[in-house]
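Student: Give me the fold of what follows.
(chains A and B)
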Amino acid sequence: MEDIRVRIAPSPSGNLHVGTARTALFNYLFAKKHGGKFVLRIEDTDAERTSQEYIDNIFDSLKALGLNWDEGPDVGGEYGPYTQSERFDIYPKYVQELLDKGFAYECYCTPEELEAEKEEAAKNKKAYVYSKKCENLTEEEKAKLRAEGRKPAIRFSVEKAQKAFHESPIVHFDDLVKGNLHQDTSLIGDFVIMKSNGSPTYNFAVVIDDMLMKISHIIRGEDHISNTFKQILIYEALGAEVPKFGHLGMILAPDRSKLSKRHGATAVSEFVEKGYLTDALINFVALLGWAPSDGVEIKPVDEIAADFRIGEVSSSNSIFEYDKLNWMNSQYIKMLDIEDLKEKLKPFLKDYDLSSLTDEQYTKMVEITREPLTLLSDITNDAKYFFGKDVEIDPQVQADVLDTEVSQDVLKTFLEQAKDWEWTEENLHEKLEAFRGFYKEKGIKPKVTMWAIRAAVTGRTRGADMVGSLEVIGKDTTLYRVQKAIK
RNA sequence: GCCCCCAUCGUCUAGAGGCCUAGGACACUUCCCUUUCACGGAGGCGACAGCGAUUCGAAUUCGCUUGGGGGUACCA
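Tutor: Here you go, the predicted model:
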């Protein structure tokens, strides 16, 4: 069997989009599953919208997601260069080949002429198909047009290619995920493969690049289905082997429109900034269109790869809902090694003086606050009361909890007793339990007793484990805060 | 307008003619656990878009309708 080679070819006109990340993932999974190569090619043809910053973002995001490529701009490879702008001089040769074979011709039409044709088609409710008026220009006519200063674009002759390689104008191909797909090529129209300024168009450049890079399977979004027929014809006209194609459904926003900025984060890097773990993100995105055979949804990419079958990928679009992503992120946070978690949480604790805690205390803090985290960024609010001498008291808590007679009594008693306590986890646990018992006998629920203390020390009624919290906050600060809460 | 793709709970999906009174996950919800919140555990709610056809039998096959998405560039 031929060598399996797949690729992801992002255009650096923005940060790596989750949709692109999913396409990259499926290509990666396919390569891993079949022992093939995963190639990264940067399609930076559109100089206007391209920037180095975006290229770096794409590299970094892909790496963060664990989608490492075997060949690419940075690591090189046998079939480079892998940056499209560096491949400009290789396209003319193939344009010439097509011209020589009669599968392409020069077109001198002006934008105005083309526009008129389109309007005419729209008026007649017909699909717009280029008139081919330049297809049979004589050398004299071309020379005349050139003398006027016109520069030709090169068009691909769809009909000639179709007739040379297909009996019917209806061209078919067997899609890896969607099955048999077809298109009436007479509706395509002779498209431009090289612009009058000499640069290749997308449909032409991808074919040349994929052909030269020996890409065997092209897995991409279904927005490319209509391009596929054009590309197949080009491969054939060039006498090249046509790769296998697989088209994935798109990822849509909850309102079923294209996932864009107004729906929140779209770039992988934005998700990371928001506190998502790349492992959770990639796992979540894998589940959009693919289901594990054993029903276990949380699993690392290498296990997904072993279970992956491109033919089982759903051919319909899927909606990107945060609920499940959030749940998955919380699950991944729970699975994180404590030292790893401590590091990953730091960016979200940058506003606090972490040096005020010993490593032991920081570890303890993370241990007792990690449980409810959905996003790493939740720690910013959840850990607030572990820092500083004073604590911010929620007004509602002040009124509902601290201002009550019972609470005031609890606090006074606590202050009295606690000043003699030894501030260790074990002792705190014991003393607090006795303390609750003491009030319970007086008819005060343990919950109420603890609320008073929690409110005074943390300013809230909910939060991390009390014993651990008091331990990390320390005796001095605890007593100070309780004292301040007493009227 | 024209062309193409898609269609199972709110969402992601399992299901490839009888195993389906349609299974799982998230969300929602009830209860349990509990010093709070949470975590966790046990339940509940909840779908085959509609209509025809094929068949002894259809979520599964076919057609139409409807709905959604994509494409229609000298953008990628």
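
Student: element containing A:G246, please.
Tutor: Per DSSP states H and E, A:G246 falls inside strand A:244-248.

Student: so what secondary structure elements neighbour that strand?
Tutor: On a contact count with 3 or more Cβ pairs under 8 Å, 6 or more residues apart in numbering; DSSP states H and E, strand A:244-248 meets helix A:18-34, strand A:170-175, strand A:217-221, helix A:225-237. The C-beta positions use only the backbone N, C-alpha and C, and glycine is treated the same way.

Student: The helix or strand following that strand packs against which elements?
Tutor: Downstream of strand A:244-248, the next assigned helix or strand under DSSP H and E is strand A:251-252. For strand A:251-252, the elements it packs on are helix A:18-34, strand A:318-319, judged by 3+ Cβ pairs under 8 Å, 6+ apart.

Student: quick one: is the last one near RNA strand B?
Tutor: Yes - contact of strand A:318-319 with RNA strand B is found when judged by Cβ under 7 Å from any atom of the strand, involving A:318-319.

Student: hmm, who's touching that strand?
Tutor: With contacts defined as Cβ atoms under 8 Å, 6 or more residues apart in numbering, strand A:318-319 is touched by A:249-254, A:256, A:288-289.

Student: Near RNA strand B, list only the ones from those.
Tutor: By Cβ under 7 Å from any atom of the strand, the members of the contacts of strand A:318-319 lying near RNA strand B are A:249-250, A:252, A:256, A:288-289.

Student: List buried residues within those residues.
Tutor: Buried residues within these, defined by neighbour count using 16 or more other Cβ atoms under 10 Å: A:249-250, A:252, A:288-289.

Student: just to revisit the earlier point, I'd like to know which of the helices and strands packed on strand A:244-248 is closest to RNA strand B.
Tutor: With Cβ to the nearest atom of the strand, the closest approach to RNA strand B among these belongs to helix A:225-237: 3.5 Å.

Student: Which elements pack onto that closest one?
Tutor: Where contact means 3+ Cβ pairs under 8 Å, 6+ apart, helix A:225-237 is packed against helix A:91-101, strand A:153-156, helix A:158-165, strand A:170-175, strand A:179-184, helix A:202-212, strand A:244-248.

Student: Show me which parts of that helix are buried, residue by residue.
Tutor: Going by neighbour count (16+ other Cβ under 10 Å), the buried part of helix A:225-237 is A:225, A:227-237.

Student: what residues does that helix touch?
Tutor: Helix A:225-237 has contacts (Cβ under 8 Å, 6+ apart) with A:98, A:101, A:103, A:156, A:158, A:161-162, A:164-165, A:171, A:173, A:175, A:178, A:181, A:183, A:185, A:188, A:191, A:193, A:202-204, A:206-207, A:211, A:241-243, A:245, A:247.

Student: Give me the buried subset of the residues you listed.
Tutor: Buried by 16+ other Cβ under 10 Å: A:98, A:103, A:156, A:158, A:161-162, A:171, A:173, A:175, A:178, A:181, A:183, A:185, A:188, A:191, A:193, A:202-204, A:206-207, A:211, A:242-243, A:245, A:247, out of these.

Student: Show me what from the stretch 151-300 of chain A comes close to RNA strand B.
Tutor: By Cβ under 7 Å from any atom of the strand, the residues of the stretch 151-300 of chain A that approach RNA strand B are A:152-153, A:178-179, A:181-184, A:187, A:191-192, A:195-197, A:199, A:201-203, A:222-227, A:249-250, A:252, A:256-258, A:287-289, A:291, A:295, A:297.

Student: and if we set it to 6 Å?
Tutor: A:153, A:178, A:181-184, A:187, A:192, A:195-196, A:201-202, A:222-223, A:225-227, A:250, A:252, A:256-258, A:287-289, A:291, A:295, A:297 (Cβ under 6 Å from any atom of the strand).

Student: The stretch 1-150 of chain A too?
Tutor: Near RNA strand B, when you scan the stretch 1-150 of chain A using Cβ under 6 Å from any atom of the strand, you find A:11, A:43, A:45-46, A:107, A:109, A:114, A:118, A:125, A:127-128.

Student: what does the stretch 301-450 of chain A give?
Tutor: Residues of the stretch 301-450 of chain A lying close to RNA strand B by Cβ under 6 Å from any atom of the strand are A:312, A:314-319, A:321, A:323-324, A:327, A:371-372, A:446-447, A:450.

Student: Tell me which two of the buried residues of helix A:225-237 sit farthest apart.
Tutor: Greatest spacing in those, by Cβ to Cβ: A:I225 and A:A237 (19.9 Å).
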